[in-house]
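Participant: sequence unknown, structure follows:
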């Protein structure tokens, strides 16, 4: 992840369809058709999304009869991708995060798609900072999907039950981390539900913690004389970790066992009313609502609370990358499918229909229809995206306006740490697990160990 991404991110409100199995590969080879395996196909638990993609496939087949579309749902995960790639099972297209291109490119797991992207003219319409993330030695290894900024998700019904709403029925949400502890305790006392779902199971725990710690003045790595230095065992990080420890042992406002909470269970706890607050972003508002049943009117997204050193929101994003073994025809077919979805930088009747279908599907499935943080720069595309949102808007924007207004002030945005971010998150999660399970855990000693471990990683993977 490059830190200068913030400088230019723009904020703006085949004829055969085969579902699974290896038979389609054989059929594609025999017919001379390219087979595109869509790793961005929806999960089986989202029938509305699947129906939307089925319609897109019909449109695609009419325009590009020489390409076969094969659903190959895959949710990117660090621990599953490399074995899958080494076995040659990578989908044609899949969706990793902004932190992943360096290691995926270095490992030879993704395809150079420079020629295919340039042939469509997409390279000139890509945000330059995002483009830099996807590039190496003048070659391009993917295209962007979207960006996000972390905020604080709220179960508004629990705020109502706790008497924490104003005269307009809007939640009185915490503006600082200290206020969050107090608010969470009131909710726990009044409703019996956890005030906050904190993650401490896997790397997502460390990911969320960095956003908390920035508010306490933390900076987890610095570069000195060309060498990257870890800064995990600092007073600022210790203050943030002690705050988290207090959420468990002083305030008792967390879910029963944060060491069992990951990205997905956090949304479940919020959506089902087991927790009132959860750190999340606008690109995942379908998780507490569509996936876990929280009504649109009972959901809100507000700014991440401020710490003693300021308020920051972690900015990241998702990209489309392509399996190393994908052929040029398969890559082009996947890009053309993105265009039908409205995810490419092209505006034509098909892409406008794709944008409208996506917004309509969100509205029909109880997902907030909200502005995005686009990563393409074409003004016509940005207008088409906003037009679709305006047409299908289904929320009271007062439940989101503070979030968007805060994110719009780019001084509040921070990107993920630039070196070995996932390894950093893993080390921080180990500390989180210790302080959540042991009231007497020595925070400084734990951070000293994490410091040593992470510095070794920086020394061996970065400082060479």
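Facilitator: Cool, got the structure. It should be emphasised that the depicted structure is a prediction, and the values quoted were computed from it without experimental measurement.
Participant: packing partners for the one helix or strand residue 153 maps to?
Facilitator: Taking DSSP states H and E as the criterion, residue 153 maps to strand 142-155. Applying 3 or more CB pairs under 8 Å, 6 or more residues apart in numbering; DSSP states H and E, one finds that strand 142-155 makes contact with helix 263-271, strand 275-281, strand 299-302, strand 313-322, helix 401-408. The way it works is simple: take the backbone N, C-alpha and C, and place the C-beta from them, glycine included.
Participant: what would the ones you listed look like in TSV with mean neighbour count?
Facilitator: Formatted as TSV, the helices and strands packed on strand 142-155 follow (neighbours: other CB atoms under 10 Å):
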stretch	mean neighbour count
helix 263-271	22
strand 275-281	27
strand 299-302	24
strand 313-322	23
helix 401-408	17
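Participant: show me which residues of the strand holding residue 153 are buried.
Facilitator: Neighbour-count burial for strand 142-155 flags 142-155 (criterion: 16 or more other CB atoms under 10 Å).
Participant: can you pull the contacts of residue 423?
Facilitator: Contacts for residue 423 were tallied using CB atoms under 8 Å, 6 or more residues apart in numbering; they are 454, 457, 461.
Participant: strands of this protein, start to end?
Facilitator: In the chain, the strands defined using DSSP state E lie at 34-38, 67-71, 93-94, 135-136, 139-140, 142-155, 194-196, 221-224, 227-230, 275-281, 299-302, 313-322, 413-415.
Participant: out of the ones you listed, the one nearest residue 346 is which?
Facilitator: Closest to residue 346 of the strands of the chain, according to CB to CB: strand 142-155, at 11.8 Å.
Participant: report the angle between the closest one and strand 275-281.
Facilitator: 160 degrees (axes from the mean of the first three to the mean of the last three CA atoms, to 10 degrees).
Participant: for the strand holding residue 153, the distance to its chain's centre please.
Facilitator: Here the centre of strand 142-155 is set off from its chain's centre by 5 Å, with CA atoms, centre = their mean, to the nearest Å.
Participant: on that earlier part again, closest to residue 264 out of the buried residues of strand 142-155?
Facilitator: residue 153 (13.6 Å).
Participant: setting the sequence-adjacent residues aside, check what's closest to the closest one.
Facilitator: Leaving out its chain neighbours, the residue that sits closest to residue 153 by CB to CB, 6 or more residues apart in numbering is residue 280, at 4.3 Å.
Participant: now do residue 144
Facilitator: Using CB to CB, 6+ apart, the closest residue to residue 144 is residue 375 (3.7 Å).
Participant: do residue 161 as well
Facilitator: Residue nearest to residue 161 in three dimensions, not counting chain neighbours: residue 191, with 4.8 Å by CB to CB, 6+ apart.
Participant: what's the local residue count around the one you found?
Facilitator: For residue 191, the count of nearby residues is 18 (other CB atoms under 10 Å).
Participant: what sits against it?
Facilitator: If you count contacts by CB under 8 Å, 6+ apart, residue 191 has them with 158, 161-162, 276.
Participant: mind putting the residues you listed into TSV with distance to residue 346?
Facilitator: Converted to TSV, the contacts of residue 191 look like this (distance: CB to CB, whole Å):
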residue	distance to residue 346
158	43
161	47
162	48
276	42
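Participant: which residues touch the residue nearest to residue 144?
Facilitator: By CB under 8 Å, 6+ apart, the neighbours of residue 375 are 9, 126-127, 130, 144-147, 317.
Participant: ok, so of the residues you listed, who is nearest residue 78?
Facilitator: Residue 78 lies nearest to residue 317 out of the contacts of residue 375, by CB to CB, at 16.5 Å.
Participant: the closest residue in space to residue 313 that isn't next to it in sequence bridge partners, please.
Facilitator: The shortest distance from residue 313 to any non-neighbouring residue, by CB to CB, 6+ apart, is to residue 149 (4.5 Å). Residue 149 forms beta bridges with residue 315, as assigned by DSSP bridges.
Participant: residue 149 touches residue 283, doesn't it?
Facilitator: No: the criterion here is CB atoms under 8 Å, and residue 149 misses it with residue 283 at 9.1 Å.
Participant: what about the strand holding residue 153, average pLDDT?
Facilitator: Mean per-residue pLDDT for strand 142-155: 95.
Participant: surely residue 439 meets residue 250?
Facilitator: No: Residue 439 lies out of contact with residue 250 (CB under 8 Å); the separation is 9.7 Å.
Participant: which one of the two is surrounded by more residues?
Facilitator: Taking other CB under 10 Å, residue 439 and residue 250 do not tie; residue 250 has more neighbours (13 against 10).
Participant: for that one, what are its contacts?
Facilitator: residue 181.
Participant: how about it, phi and psi?
Facilitator: phi -90, psi -50 (degrees, to the nearest 10).
Participant: for residue 184, see how far away it is.
Facilitator: Counting by CB to CB, to the nearest Å, the gap from residue 250 to residue 184 is 11 Å.
Participant: circling back: what angle do the strand holding residue 153 and helix 263-271 make?
Facilitator: 30 degrees.
Participant: please renumber the chain so that the first residue is 6 from this point on.
Facilitator: All right, first residue 6 from here; so that's strand 147-160.
Participant: report pLDDT for the residue nearest to the spatial centre of the chain.
Facilitator: In the chain, the centroid-proximal residue (CA atoms, centre = their mean) is residue 322; its distance is 5.6 Å. pLDDT recorded at residue 322 is 90.
Participant: shouldn't it be in contact with residue 151?
Facilitator: Yes: shown here, residue 322 and residue 151 form a contact pair, counting by CB under 8 Å, at 6.1 Å.
Participant: joint contacts of the two?
Facilitator: 378, 380.
Participant: tell me how the protein divides into domains.
Facilitator: Following automatic domain parsing, one gets these domains for the chain: 8-151+321-402, 154-318+413-466.
Participant: mean pLDDT lowest for which of those?
Facilitator: Among the domains of the chain, domain 8-151+321-402 scores lowest, at a mean of 87.
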